[in-house]
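Asker: sharing a model that was predicted from the sequence below.
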Amino acid sequence: MSTNSIKIFSGNAHPDLAYLIARRLGLDLGKVVVSKYSNQETSVTIGESVRDEDVFLVQSGCGEINDNLMELLIMINACKTASARRITAVMPCFPYARQDKKDKSRAPISAKLVANMLTVAGADHVITMDLHASQIQGFFNIPVDNLYAEPSVLKYIRDHVPNWSTDSVIVSPDAGGAKRATSIADRLGIDFAIIHKERKKANEVSRMVLVGDVKGKAAILVDDMADTCGTLCLAAKTLVDHGASAVYAIVTHGILSGKALQAINDSPLTQVVVTNTIPHDDKKVKCPKLATIDISATLAEAIRRTHNGESVSYLFTHAPE
């Protein structure tokens, strides 16, 4: 089966990533106009036939999250009513992924709500990357491929961190990311450390305790998302206080909201590396410490394999060339 019957459409969340994915597959992006009426209602016009086609809609959960989510739902529904054979929502960053459990009284499980909305709109399949909690896959009654940025992260460390095999240590900034960090450390064959953080209230860390040895080594912090970057900056300070020679942070989803860029510039972080699941070119202008890992190749290969009925599990351990 060729890529001829693949149609890739992009919403307004991250058209650059959609373009890179389409180019990687040797395709042009499908014609779609996503705009707003004067009363702020979202309007979607699919500009070409999708009847009996394998449709992939690329829309990341970033920027104006609610508007972008609504765009995606309407695009899915437009393709559904236009008789598309299969509709796959490609959501590199899954919206509301942090609201995945009832952690206090009367708290909503918003990630489950998003899953329900996608299914009701007509999605047949979801492709996402580094879900905040992998259990979110269980919120769906349709297949969900949760791809990992880890192979691309390993490649970046090998290519860009000097003397990584002898002089570096992987660090998890909290207990929740320990599994991710140990996996990366094991595959690189280097040491691992963890930071225990105590919070007094949400988005505010009061104290950090380092477990492990980073003296004289480059500490590589790994996490799934960086929002206000308070944790990363405090972790970097803690690592430098314990004798780390340099501190890199490698994060899958660089949300970088609020005063994050200023915090990074003022922190002892050597470099903050984020993937392009969320657009950040404008932020790189304000923050010279930001660097990018391009994950369009992984998403493009997942789309190709999905279309051809091949296994995508190869991508869990390998980064496409």
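Answerer: Cool, got the structure.

Asker: and the strands in the stretch 201-321 of the chain?
Answerer: Under the criterion DSSP state E, counting those that start in this stretch, the stretch 201-321 of the chain contains strands at 204-211, 218-226, 246-254, 271-275, 290-293.

Asker: buried ones in the second one?
Answerer: So the one you mean is strand 218-226. Taking 16 or more other Cβ atoms under 10 Å as the neighbour-count basis, strand 218-226 is seen to contain the buried residues 218, 219, 220, 221, 222, 223, 224, 225, 226. C-beta here means a position set from N, CA and C on the backbone, and glycine is covered the same way.

Asker: bridging residues for the first one?
Answerer: What it means is residue 218. Residue 218 has the following beta-bridge partners by DSSP bridges: residue 168, residue 246.

Asker: before we move on, the earlier item: quick check: the farthest pair among the buried residues of strand 218-226?
Answerer: In the buried residues of strand 218-226, two members sit farther apart than any others by Cβ to Cβ. They are 218 and 225, at 22.2 Å.

Asker: using CSV, write out every CA atom in stretch 163-180.
Answerer: Taking only C-alpha atoms (Å, rounded to 0.1, in the frame of the first residue of the first chain), the coordinates of stretch 163-180 have been written out as CSV:
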residue,chain,number,x,y,z
ASN,A,163,32.0,13.2,27.2
TRP,A,164,28.5,12.0,28.1
SER,A,165,29.7,8.3,28.6
THR,A,166,32.1,9.2,31.4
ASP,A,167,31.2,12.6,32.8
SER,A,168,27.4,12.8,33.0
VAL,A,169,24.6,11.6,35.1
ILE,A,170,20.8,11.5,34.3
VAL,A,171,18.7,13.2,36.9
SER,A,172,14.9,13.0,37.5
PRO,A,173,13.5,16.3,38.9
ASP,A,174,10.8,14.4,40.8
ALA,A,175,9.7,10.9,41.9
GLY,A,176,7.1,10.8,39.1
GLY,A,177,9.8,10.9,36.4
ALA,A,178,12.1,8.3,38.0
LYS,A,179,11.0,5.5,35.6
ARG,A,180,11.7,7.7,32.5
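
Asker: that stretch: how far from the chain's middle?
Answerer: In terms of Cα atoms, centre = their mean, to the nearest Å, the gap separating the centre of stretch 163-180 from the centre of its chain is 19 Å.

Asker: now it: mean pLDDT?
Answerer: With pLDDT averaged residue by residue, stretch 163-180 scores 91.

Asker: buried stuff in it?
Answerer: For stretch 163-180, burial by neighbour count (16+ other Cβ under 10 Å) applies to 164, 168, 169, 170, 171, 172, 173, 174, 177, 180.

Asker: ok, stretch 79-86 next?
Answerer: For stretch 79-86, using 16+ other Cβ under 10 Å, the buried residues are 79, 80, 84.

Asker: ok, residues contacting the helix or strand where the first one lies?
Answerer: Assigning secondary structure by DSSP states H and E places residue 79 in helix 65-81. The list of residues contacting helix 65-81 from outside it, by Cβ atoms under 8 Å, 6 or more residues apart in numbering, reads 9, 11-13, 32, 34, 42, 44, 46, 50, 55, 57, 59-62, 87, 89, 91, 95-96, 114, 117-118, 121-123.

Asker: now do the helices in the protein.
Answerer: 15-24, 65-81, 110-121, 150-160, 164-167, 178-188, 230-241, 260-266, 281-286, 296-308 (DSSP state H).

Asker: those helices into TSV, with extra columns for distance to residue 207?
Answerer: Listed next are these as TSV, based on distance: least, Cβ to Cβ, whole Å:
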stretch	distance to residue 207
helix 15-24	38
helix 65-81	31
helix 110-121	29
helix 150-160	28
helix 164-167	28
helix 178-188	18
helix 230-241	9
helix 260-266	18
helix 281-286	29
helix 296-308	37
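
Asker: nearest to residue 136 among these would be which one?
Answerer: helix 110-121 (5.2 Å).

Asker: now the angle from that closest one to helix 65-81?
Answerer: Comparing the axes of helix 110-121 and helix 65-81 via axes from the mean of the first three to the mean of the last three Cα atoms, to 10 degrees yields an angle of 30 degrees.
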